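Student: For reference, the sequence and a predicted model appear below.
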Amino acid sequence: MRAARASLFFCKKQFSGHSIRWKGCFAAAVFLIAVEAPVFADFSAAAGAQFGIMMESAGNTHSTLYAPGGAISLFSIEEGSFIGFFAHFSFLVPAAITNSGDVSLDFYDFLFLGSFTAGPGFKIELGDTFRLNIGAGINVLGLLSSATITHEFYDEYQYSHTMLNIGAGLVVELSFEKIAPFYIALGLTFSYDFLNYSESSSPQGTVKGWTTDYALFAPRPYICFGYHFDDPVGDD
């Protein structure tokens, strides 16, 4: 079945595997932040707008998905140090897609794309006006989509598709600190995902598994407004 081969936009191959545990991934992310953030003195949180560009390669199919939406950026730095922990969330709504290769994706309706990036974070204070935050760690990205397909041997029927990617992520954020404890941040989240697991369901059954020959590059610029909860820049 054609849609059963879908990955982020369309998978090349699939093998049997376990179901995607969305609730488990979200719970793990929340737990990680809840445990790590209070340990450090300088905790800042920002929320704003983000635009994602998802460039995927799966076999001979190459696709680019454009998705605006929102972002939450968290940095927690150890007191008296420049090292800590960061977490970044993206909540995006796919708006347009282009693709080339073996498979057309015109019949897909992409519903929601979310990502979570977390790992060690670092701050570099650039005087009293600017601060540079950098973080690198694991990236988890998920996509929900559906499709209505008319098969030559069957009636029209509905597919639902769920995808989960795992890879590495990098966040670079420059913040304007003259209005402390508030601040304005311009940033870029970049991720490279090399593991893809997807599940496609239809009245004819469910196909799920890992994708081979897969890669996803995803730059996501953002602008956020934030607040330093404990230790604004310049008070160390």
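Tutor: Noted; the coordinates are in hand. Residues are numbered from 1 along each chain as shown.

Student: can you pull the contacts of the closest residue to residue 82 other than its chain neighbours?
Tutor: Excluding the flanking residues, the one nearest residue 82 by Cβ to Cβ, 6 or more residues apart in numbering is residue 123, at 5.2 Å. Just so you know, the C-beta spots here come from the backbone N, C-alpha and C atoms, and that holds for glycine as well. Residues near residue 123 by Cβ atoms under 8 Å, 6 or more residues apart in numbering: 42, 75, 77, 82, 84, 131-134.

Student: Just the buried ones from the residues you listed, in ChimeraX syntax?
Tutor: Selecting only the buried entries of the contacts of residue 123 in ChimeraX, with 16 or more other Cβ atoms under 10 Å as the criterion:
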select :42,75,77,84,131,133,134
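
Student: Where does pLDDT dip in the protein?
Tutor: 1-41, 101-108, 148-157, 203, 231-236 (pLDDT under 70).

Student: where exactly do the helices run in it?
Tutor: All helices of the chain, identified by DSSP state H, fall at 22-36.

Student: Now do the buried residues in stretch 62-82.
Tutor: Neighbour-count burial for stretch 62-82 [16+ other Cβ under 10 Å]: 62-63, 65, 67, 69, 71-77.

Student: Next one: the residue nearest to residue 82 from residue 74, what distance?
Tutor: 13 Å (Cβ to Cβ, to the nearest Å).

Student: again with residue 139
Tutor: Counting by Cβ to Cβ, the gap from residue 139 to residue 74 is 15 Å.

Student: And residue 62, by the same measure?
Tutor: As judged by Cβ to Cβ, residue 62 and residue 74 stand 33 Å apart.

Student: distance of residue 93 from residue 227?
Tutor: Per Cβ to Cβ, residue 93 is found 26 Å from residue 227.

Student: wait, I meant residue 220
Tutor: As for residue 220, its distance to residue 227 is 22 Å (criterion: Cβ to Cβ).

Student: what about the strands in the protein?
Tutor: Ranges of strands in the chain, per DSSP state E, are 42-58, 61-77, 83-92, 96-100, 108-126, 130-150, 156-176, 182-202, 205-210, 214-228.

Student: Please identify the most buried of those strands.
Tutor: strand 83-92 (a mean of 22; mean count of other Cβ atoms under 10 Å).

Student: hey, C-alpha coordinates of that strand in PDB?
Tutor: Only the C-alpha atoms of strand 83-92 are listed here, as PDB (Å, rounded to 0.1, in the frame of the first residue of the first chain):
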ATOM      1  CA  ILE A  83      27.400  25.700  32.300                       C
ATOM      2  CA  GLY A  84      23.900  24.300  32.800                       C
ATOM      3  CA  PHE A  85      21.000  22.800  31.100                       C
ATOM      4  CA  PHE A  86      18.700  23.800  28.300                       C
ATOM      5  CA  ALA A  87      15.400  22.600  26.700                       C
ATOM      6  CA  HIS A  88      13.700  23.900  23.600                       C
ATOM      7  CA  PHE A  89      10.100  23.000  22.400                       C
ATOM      8  CA  SER A  90       8.700  23.700  19.000                       C
ATOM      9  CA  PHE A  91       5.000  23.600  18.200                       C
ATOM     10  CA  LEU A  92       4.500  24.000  14.400                       C
END
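
Student: Relative to that strand, what are the paired strands and their orientations?
Tutor: Paired with strand 83-92 in the same sheet, following DSSP bridges, are strand 61-77 (antiparallel), strand 108-126 (antiparallel).

Student: Please convert the ones you listed to a markdown table, extending it with distance to residue 206.
Tutor: Below are the strands paired with strand 83-92 laid out as a markdown table (distance: least, Cβ to Cβ, whole Å):
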| stretch | distance to residue 206 |
| --- | --- |
| strand 61-77 | 22 |
| strand 108-126 | 17 |
